[in-house]
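**Q** coordinates for the following, if possible.
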Amino acid sequence: MSIMSDEQIEPIESTVEEVSEPVLNSTGDNDEELRNFGAGIAICAILVLFVGSTFAIWNLEVTMESDFTDIKLEYAFDIEGIELEIDSDGESDDDSVKYDDSDCDCSDTESFFGNLKILLYLVLASGAFLAYMGHTGEKMEFSTKVIALVAVLSIIIALYTFVSLPSAWQEDMEMENVDLKFMGSDDHSEDGVESEVKGSPGMGYLVALVPLGLSGYLIKTRGITLEDITG
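**A** Predicted coordinates for the structure are as follows:
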């Protein structure tokens, strides 16, 4: 029986070592931070778009007091319609209406929320794309532009809602003697009736601003510059 020499064994060992080396991912390295932040951005848009009144965009409280009656109206404006609570002389009632219902007669408000939906869907798509890039490592050359797009869309949503939603509702309701504010109150007195309207941001508005913080963090930590975005 023959015994293998050291020279015969050595090639076999080197062959085993070559086979055991790890295979590199041909699509590039993944980016867990980008994946997680992208998913967070997409989830925020989903919550506002599909969850409903829990994530109302705007809350409006109207109180009217006189010698004869006291009325309190509480409006919650979500992406699809209005939830209304009415308290009249101690008796409560609830109602809801969609913006496109004929009973609402709120074309300006419907138009506003139609535009807001488009902006939120763009945020959703951008967040999903960031999550895809971070998970697969593909299309990473577009990451800086998409991050910047999320930031710009979030700023537009914040300003557009703050300015346009109160004015749209005021136009629909023909409230000429009251100055509606997205955040703040206004008083009015007429024919012995004291009125106050008070606006405040809803949970949906705050959630819609989270992508701005997430994208801003990515821009800062990754040192993204204007040249990176426009180049």
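
**Q** what's the local residue count around residue 183?
**A** 13 (other Cβ atoms under 10 Å). Bear in mind the C-beta positions are built from the backbone N, C-alpha and C, glycine included.

**Q** residue 162 reaches residue 184, doesn't it?
**A** No - with contact defined as Cβ atoms under 8 Å, residue 162 and residue 184 do not form a contacting pair (10.9 Å).

**Q** give me the more crowded residue out of those two.
**A** Here residue 162 and residue 184 are set side by side on neighbour count (other Cβ under 10 Å), and the busier one is residue 162, at 16 against 12.

**Q** which parts of the helix or strand that contains that one are buried?
**A** Under the criterion of DSSP states H and E, residue 162 resides in helix 143-173. Judged by neighbour count using 16 or more other Cβ atoms under 10 Å, the buried positions of helix 143-173 are 143-144, 146-151, 153-154, 157, 161-162, 164-172.

**Q** I'd like the distance from the very next helix or strand once past that helix to the chain centre, please.
**A** Read in the C-terminal direction, the helix or strand following helix 143-173 is strand 184-190, with elements assigned using DSSP H and E. Once both centres are worked out by Cα atoms, centre = their mean, to the nearest Å, strand 184-190 turns out to sit 31 Å from its chain's centre.

**Q** quick one: strand 184-190 to helix 143-173, angle?
**A** For strand 184-190 against helix 143-173, the angle between stretch directions is 10 degrees (axes from the mean of the first three to the mean of the last three Cα atoms, to 10 degrees).

**Q** ok so, going back, just checking, what packs against the helix holding residue 162?
**A** Contact partners of helix 143-173 among helices and strands, from 3 or more Cβ pairs under 8 Å, 6 or more residues apart in numbering; DSSP states H and E: strand 58-65, helix 107-136, helix 203-221, helix 226-230.

**Q** and those: which comes nearest residue 36?
**A** Taking Cβ to Cβ as the measure, these were each checked against residue 36, and helix 107-136 came out nearest at 7.3 Å.

**Q** report the mean confidence score over that closest one.
**A** The average pLDDT within helix 107-136 is 97.

**Q** which ones are touching residue 97?
**A** For residue 97, the contacting residues are 81-82, 84, 103-104, taking Cβ atoms under 8 Å, 6 or more residues apart in numbering as the criterion.

**Q** got CSV for these, with neighbour count, secondary structure and distance to residue 222 too?
**A** Written out in CSV, the entries for the contacts of residue 97 read as follows (neighbours: other Cβ atoms under 10 Å; DSSP: H, G, I helix; E, B strand; the rest coil; distance: Cβ to Cβ, whole Å):
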residue, neighbour count, secondary structure, distance to residue 222
81, 21, strand, 40
82, 22, strand, 41
84, 15, strand, 45
103, 8, coil, 50
104, 15, coil, 45
